[in-house]
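Colleague: Have a look at this prediction, sequence included:
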Amino acid sequence: MIAEAIASLLIVTGAAFVLLGSIGLVRLPDIFTRLHGPTKATTLGVGAIVAASSVAAYAVNGDISLRELTIPLFLFITAPVSAHLIGKVALKDAAARRQN
């Protein structure tokens, strides 16, 4: 019962963060502010949803699967790297437009 409540809370929290990140991606004005939506809020939202999956699996099986731990690991590694690369390309593009 407690594990179900914790998992439900994590799912709702994660879904709220994913929704806010998606809205931020659409509504924010430029590329630099739009980077915060998918990298910050969506990463936290997916992490909370995977944590809910881990809590539910632990309540049912009594152990945590390695797959459930690798999903947030790869997400937390790749999201900042991709945001950094997108930001660098946007900066170079903005500098090139100013020179022309």
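Modeller: Structure received.
Colleague: And the closest residue in space to residue 53 that isn't next to it in sequence, which helix or strand is it part of?
Modeller: In space, and not counting its chain neighbours, residue 53 is closest to residue 68: 5.7 Å by C-beta to C-beta, 6 or more residues apart in numbering. From N, CA and C alone the C-beta is placed, and that goes for glycine too. Residue 68 is part of helix 66-99 when elements are defined by DSSP states H and E.
Colleague: Over to residue 4?
Modeller: helix 2-27.
Colleague: what's the answer for residue 42, then?
Modeller: Per DSSP H and E: helix 42-61 holds residue 42.
Colleague: Quick one: residues in contact with that helix.
Modeller: Helix 42-61 has contacts (C-beta atoms under 8 Å, 6 or more residues apart in numbering) with 3-4, 6-11, 13-22, 63-65, 68-69, 71-72, 75-76, 79.
Colleague: Kindly report the same for stretch 88-95.
Modeller: 31-32.
Colleague: Dump stretch 7-25 to PDB, restricted to CA.
Modeller: Extracted C-alpha coordinates of stretch 7-25, given in PDB (Å, rounded to 0.1, in the frame of the first residue of the first chain):
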ATOM      1  CA  ALA A   7       4.900   5.100  -6.900                       C
ATOM      2  CA  SER A   8       1.700   7.100  -7.700                       C
ATOM      3  CA  LEU A   9       3.200  10.200  -6.300                       C
ATOM      4  CA  LEU A  10       6.400   9.800  -8.300                       C
ATOM      5  CA  ILE A  11       4.400   9.200 -11.500                       C
ATOM      6  CA  VAL A  12       2.200  12.300 -11.000                       C
ATOM      7  CA  THR A  13       5.300  14.400 -10.100                       C
ATOM      8  CA  GLY A  14       7.200  13.000 -13.100                       C
ATOM      9  CA  ALA A  15       4.300  13.600 -15.500                       C
ATOM     10  CA  ALA A  16       4.000  17.200 -14.200                       C
ATOM     11  CA  PHE A  17       7.600  17.900 -14.900                       C
ATOM     12  CA  VAL A  18       7.500  16.300 -18.300                       C
ATOM     13  CA  LEU A  19       4.400  18.400 -19.100                       C
ATOM     14  CA  LEU A  20       6.100  21.600 -17.900                       C
ATOM     15  CA  GLY A  21       9.300  20.800 -19.900                       C
ATOM     16  CA  SER A  22       7.200  20.200 -23.000                       C
ATOM     17  CA  ILE A  23       5.300  23.400 -22.600                       C
ATOM     18  CA  GLY A  24       8.500  25.300 -22.000                       C
ATOM     19  CA  LEU A  25      10.000  23.800 -25.200                       C
END
